[in-house]
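# what would the 3D arrangement of this be:
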Amino acid sequence: MARALVLLSVVLVSLLVNQGRASDNQRLFNNVVVRVQHLHQLAAKMINDFDDNLLPEDRRLLSKTIPMSFCISDYIEAPTGKDEAQRSSMLKLLRISFRLIESWELASQILSRTVSNSLTANQINEKLADLKMGISVLIKGCLDGQPNMDDNDSLPLPFEDFYLTTEDNDLTKNFRLLACFKKDMHKVETYLRVANCRRSLDSNCTL
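Numbering: from 1, shown residues only. Predicted structure coming up:
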């Protein structure tokens, strides 16, 4: 009888620990989703403000020269839409999100200089750093002690200083930078929402 009670206690403690971990992971998932949503909103506002301040002739010039030009993220193999994202594993979505956020570590230096509001610039840098850390923790949770077999997580991106060294004029460079930032934050938001929804116990979870 005593042995049965001990075994029952062990099982109950294990269940409580697992429930606690699941709750912590859910809070972390919710947190990173909120942060990337905020970054996506900031990116949309920045590019809208930039466009509003353009002269009509500059706006016409940009519409001709940048029909969504090259971004560093084009080097990162990623799902092209929600349907493909939903067919990807949660670990793959987290890894791609990590790489996309990582690709802005260097570029955020010049991105901050295009933003006149220093508070917004600080928000971008802080949220990028927080996102990278949060996604890294979620990746480790998915691995759960297994070795990380994806060496691409630690490889530098090709031409990662592209946004800093491009020969575009300042107007084109700034527009390209803001457009790529908005594009990449939209990607990360999509991938993290798909991953979060997949692990959610809420049957009404929608993307």
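
# what about the helices in the protein?
All helices of the chain, identified by DSSP state H, fall at 2-52, 56-65, 82-86, 90-102, 104-114, 118-143, 162-165, 170-199.

# run through who's touching the fourth one.
Residues from elsewhere that reach helix 90-102, judged by Cβ atoms under 8 Å, 6 or more residues apart in numbering: 36, 73, 76-79, 85, 88, 128, 131-132, 135-136, 138-139, 142-143, 150, 152-153, 157, 184, 187-188, 191-192, 194-195, 198-199. C-beta coordinates here come from the backbone N, C-alpha and C atoms, glycine included.

# go again using 7 Å as the cut-off
Residues external to helix 90-102 that are found in contact with it (Cβ atoms under 7 Å, 6 or more residues apart in numbering): 73, 76, 78, 85, 128, 131-132, 135-136, 138-139, 142, 150, 153, 184, 187-188, 191-192, 194-195, 198-199.

# again with the third one
Contacts of helix 82-86 with the rest of the structure, by Cβ under 7 Å, 6+ apart, involve 79, 93, 190-191, 194, 207.

# TSV for those, including neighbour count and distance to N48?
Conversion of the contacts of helix 82-86 to TSV gives the following (neighbours: other Cβ atoms under 10 Å; distance: Cβ to Cβ, whole Å):
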residue	neighbour count	distance to N48
P79	18	27
L93	26	28
T190	20	20
Y191	26	24
V194	19	26
L207	11	24
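
# with respect to L42, which of these is nearest?
Lowest distance from L42 to the contacts of helix 82-86 (Cβ to Cβ) belongs to T190, with 16.7 Å.

# circling back: list only buried entries from the contacts of helix 90-102.
When neighbours are counted using 16 or more other Cβ atoms under 10 Å, the contacts of helix 90-102 contain these buried positions: 73, 76, 78, 85, 128, 131-132, 135, 138-139, 142, 184, 187-188, 191-192, 194-195.

# name the nearest of the contacts of helix 82-86 relative to Q26.
Nearest to Q26 among the contacts of helix 82-86, counting by Cβ to Cβ, is V194 at 15.3 Å.

# the closest residue to the closest one other than its chain neighbours and I124: what is the separation?
In space, not counting the residues next to it along the chain, V194 is nearest to A85; the distance is 4.7 Å by Cβ to Cβ, 6 or more residues apart in numbering. Here A85 is placed at a distance of 24 Å from I124 (Cβ to Cβ, to the nearest Å).

# then Q41?
Computed as Cβ to Cβ, the Q41 to I124 distance reads 12 Å.

# quick one, which of those two is more surrounded?
When Q41 is set against I124 and neighbours are counted by other Cβ atoms under 10 Å, the residue ahead is I124, at 22 against 13.

# in contact with that one, which residues?
Shown here is I124, whose contacts under the criterion Cβ under 7 Å, 6+ apart are 39, 42, 108, 111-112.

# now do 10 Å
Counting by Cβ atoms under 10 Å, 6 or more residues apart in numbering, I124 makes contact with 38-39, 42-43, 46, 104, 108, 111-112, 115, 181, 185.

# equivalent analysis for C142, please.
Taking Cβ under 10 Å, 6+ apart as the definition of contact, the neighbours of C142 are 25, 89-95, 148, 195, 199.

# again, only this time at 7 Å
For C142, the set of contacting residues under the criterion of Cβ under 7 Å, 6+ apart consists of 90-91, 94.
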